[in-house]
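# structure for this input, please:
(one chain, ligands or ions: 1)
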Amino acid sequence: MKKLILALAVFLGVAACKTNPFTGKKVLNFYPNSQIFPMAFAQYDQFLTENNVIENSSEAKMITKVGQRISSAAERWLTANGYAGYLKDYKWEYNLVKDETVNAWCMPGGKIVFYTGILPITQNETGVAVVMGHEVAHALADHGAQRMSAGTLQQLGAVAGNVAIQDPQKRNIFNQAYGVGSQVGVMLPFSRSHETEADRIGLQIMAIAGYNPDEAAELWKRMKANSGGQAPPEFMSTHPSNDTRIANLTQWAPLARAEAKKFGVTSFE
Ligand SMILES: [Zn+2]
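Next up is the predicted model:
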């Protein structure tokens, strides 16, 4: 039976490896958008009903505005690189939630939440764009889906022989992969390589959207000053370290400007 599971895993792995346009990497992904997005949309809606969503404040409007600029920049980048329609199943939504947690996240399909607790650190629209770019980049790079696929392999081992993953199991794997229901809020820390990837992709997208990429390193300096040695959920995970992050972002900012120039963006706010 072990052999069967192994064979199945290998088969799924071969069948489910596709190249992500943002990372250029072949990654393990068993789940097409058509399977993940409905679960994400349902979880997101439930989260909104259970939390205090701020509507129509100037800050809430600013979150929406930045989100729209970032998502449209991602779409422009994809179209220019031969991936028009890649985000057709996305249903972008940007919400500000009253909560002192210093966090923000993006679920699959473009479902974004900012907590009010992060606003003193983002400070302004460009700071929000840094965080927005980073979170959207996690979704674009399918980081959650990869974690879900890894979780499925574990489950395949665990359920020995029960090779068909049932819907309730799938929901469990989804919840684990995205940290739904855990007390840290929706989104577990990503791995170091995923964080670094999201920083790099996010920086490019924010620049294409017309936001100054030099501000990304500045935001992380403020994060570092605020974190006081603590490692809060997802957004301030300790890997990579703040110092590595700041050094990377400083080094990449000119590249992000060069990328933005291809889209006619030469001045930044
Ligand atoms: Zn992250």
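
# the spatially most central residue of the chain: what's its closest spatial neighbour, skipping adjacent residues?
When the chain is reduced to its mean C-alpha position, the closest residue under CA atoms, centre = their mean turns out to be H138, at 2.5 Å. Counting by CB to CB, 6 or more residues apart in numbering, A198 is the residue found nearest to H138 once chain neighbours are left out, at 4.8 Å. Bear in mind the C-beta positions are built from the backbone N, C-alpha and C, glycine included.

# show the contacting residues for that neighbour.
Taking CB atoms under 8 Å, 6 or more residues apart in numbering as the criterion, A198 is in contact with 134-135, 137-138, 141, 143, 190.

# and it, what's its pLDDT?
A198 is assigned a pLDDT of 93 by the prediction.

# secondary structure class for it?
Look at A198: counting by DSSP: H, G, I helix; E, B strand; the rest coil, its state is helix.

# and for L255?
Classification of L255 into helix, strand or coil gives helix, according to three-state DSSP.

# likewise for the one 3 residues further on?
For A258, the assignment made with three-state DSSP gives helix.

# circling back to that earlier point, can you tell me which helix or strand the residue nearest to the centre of the chain belongs to?
Assigned by DSSP states H and E, H138 falls within helix 125-140.

# what about that helix, near the ion?
No. Under the criterion of CB under 5 Å from the ion, the ion is not reached by helix 125-140; the shortest gap measures 5.5 Å.

# give me the number of residues near K91?
The local packing count at K91 equals 12, with neighbours defined by other CB atoms under 10 Å.

# pretty sure it sits against K111.
Yes. The pair K91 / K111 is scored as a contact, 7.4 Å apart, by CB atoms under 8 Å.

# common neighbours of those two, please.
Listed contacts common to K91 and K111 are F41; contacts here mean CB under 8 Å, 6+ apart.

# hmm, back to that, possible to save the contacts of A198 as JSON lines with pLDDT and distance to F47?
Compiled in JSON lines, those are given as follows (pLDDT from 0 to 100; distance: CB to CB, whole Å):
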{"residue": "H134", "pLDDT": "94", "distance to F47": "20"}
{"residue": "E135", "pLDDT": "91", "distance to F47": "15"}
{"residue": "A137", "pLDDT": "94", "distance to F47": "21"}
{"residue": "H138", "pLDDT": "89", "distance to F47": "17"}
{"residue": "A141", "pLDDT": "90", "distance to F47": "22"}
{"residue": "H143", "pLDDT": "84", "distance to F47": "19"}
{"residue": "F190", "pLDDT": "74", "distance to F47": "19"}
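
# ok so, going back, in contact with the residue nearest to the centre of the chain, which residues?
Residues counted as contacts of H138 (CB under 8 Å, 6+ apart) are 105-106, 144, 190, 194, 198.

# of these, which is the nearest to N81?
Taking CB to CB as the measure, N81 sits nearest to A198 out of the contacts of H138, at 18.3 Å.

# how far away is the closest one from D214?
Here A198 is placed at a distance of 18 Å from D214 (CB to CB, to the nearest Å).

# next: R222.
If you measure R222 against D214 using CB to CB, the figure is 14 Å.

# so where's the stretch 51-200 of the chain uncertain?
The model of the stretch 51-200 of the chain has pLDDT under 70 over residues 151, 153-166, 176-189.
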